[in-house]
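Chemist: Return atomic coordinates for the entry below.
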Amino acid sequence: MARGPEYRMRGIHGRIIQNIGEAIVGGRYRPGDLMPRESDLVEEFGASRTAVREAIKVLAAKGLIETRQKVGTRVRPQEQWNHFDPEIIAWRLGGGFNDDFIRDLIELRQITEPAAARLAASRATLADIAELEGALRTMEASKGDPEAYAKADTAFHMKVFLASHNNLVASFAYTIRQILEATFKLHQSSKGPSAYGDDEDIAFHRAVLERISRGEPERAAEAMSDVIAAAKRDLVRAQQEHTQREQAQSSNPARRAG
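Modeler: Modelled structure (predicted):
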């Protein structure tokens, strides 16, 4: 996995954080496992004790590990990780598809976004509607550019959350914004020939906008559910194709050697 510029700037400190973080998220160290001793990490990374200790503090702040006297440093249960942390998101999606993470995200969206659309249909102002229309136009203008389209798609969903005029919902939206954008980018980059095209996807989003603008809460919630169902269909199919490719590659000795 390529190192991001933020890690290059951090040097050895960032390298320790990334390597251990990826090892935990990737399952090399599982919940309940004891981490290597500080002296072992110092030797492994060729780092000072100070650098290792600071890295451990960062990982503990992310909820990945905890350190106890006379016990050592142990990996915490997954439900205690800060799954909204930007670096944990990057580590989980850095290798491509992560079945559990994608499933969890789809379920989270199914719970929260139709409810936000329902509230938006009851509370959206004319300014909210104008911003949603602008986000949809940006999606249309971004067709054919997966990265730009994913950003515009994220903006549309953020504006639905904000149009709910519920401060807790809005705060939650900013918390998950990076997860949405990262997953939308993965969705765009993994689309196969059977996936919904941009025009179809825009039509699903336009239905959300129209039902919010007409003040139809239940129909707005249904339209948002349709958006998520379409994304789920594409991601599940892309996951299946990805798994099939990996299995074919692992069963072909010539490909493994190459």
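
Chemist: Can you name the residues that contact I129?
Modeler: 163, 209, 212-213 (CB atoms under 8 Å, 6 or more residues apart in numbering). For every residue, glycine as well, the C-beta is placed using N, CA and C.

Chemist: any idea where the strands of the chain begin and end?
Modeler: For the chain, the strands defined by DSSP state E cover 65-68, 72-75.

Chemist: Mind putting those into a markdown table with mean pLDDT, mean neighbour count and distance to S250?
Modeler: Converted to a markdown table, the strands of the chain look like this (pLDDT from 0 to 100; neighbours: other CB atoms under 10 Å; distance: least, CB to CB, whole Å):
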| stretch | mean pLDDT | mean neighbour count | distance to S250 |
| --- | --- | --- | --- |
| strand 65-68 | 94 | 16 | 31 |
| strand 72-75 | 96 | 18 | 27 |
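
Chemist: Same list, the ones you listed, but as TSV with distance to L132 please.
Modeler: Formatted as TSV, these follow (distance: least, CB to CB, whole Å):
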stretch	distance to L132
strand 65-68	42
strand 72-75	42
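
Chemist: Out of those strands, flag the one nearest Y29.
Modeler: Among the strands of the chain, strand 72-75 comes nearest to Y29, with 5.0 Å by CB to CB.

Chemist: on contacts alone, who are the packing partners of the closest one?
Modeler: strand 65-68 (3 or more CB pairs under 8 Å, 6 or more residues apart in numbering; DSSP states H and E).

Chemist: Export the strand it packs on to PDB, keeping only CA atoms.
Modeler: Taking Å, rounded to 0.1, in the frame of the first residue of the first chain, the C-alpha atoms of strand 65-68 are listed here in PDB:
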ATOM      1  CA  ILE A  65      -5.100  -0.800  21.900                       C
ATOM      2  CA  GLU A  66      -4.900  -0.300  25.700                       C
ATOM      3  CA  THR A  67      -1.900  -0.500  28.000                       C
ATOM      4  CA  ARG A  68      -2.000  -1.800  31.500                       C
END
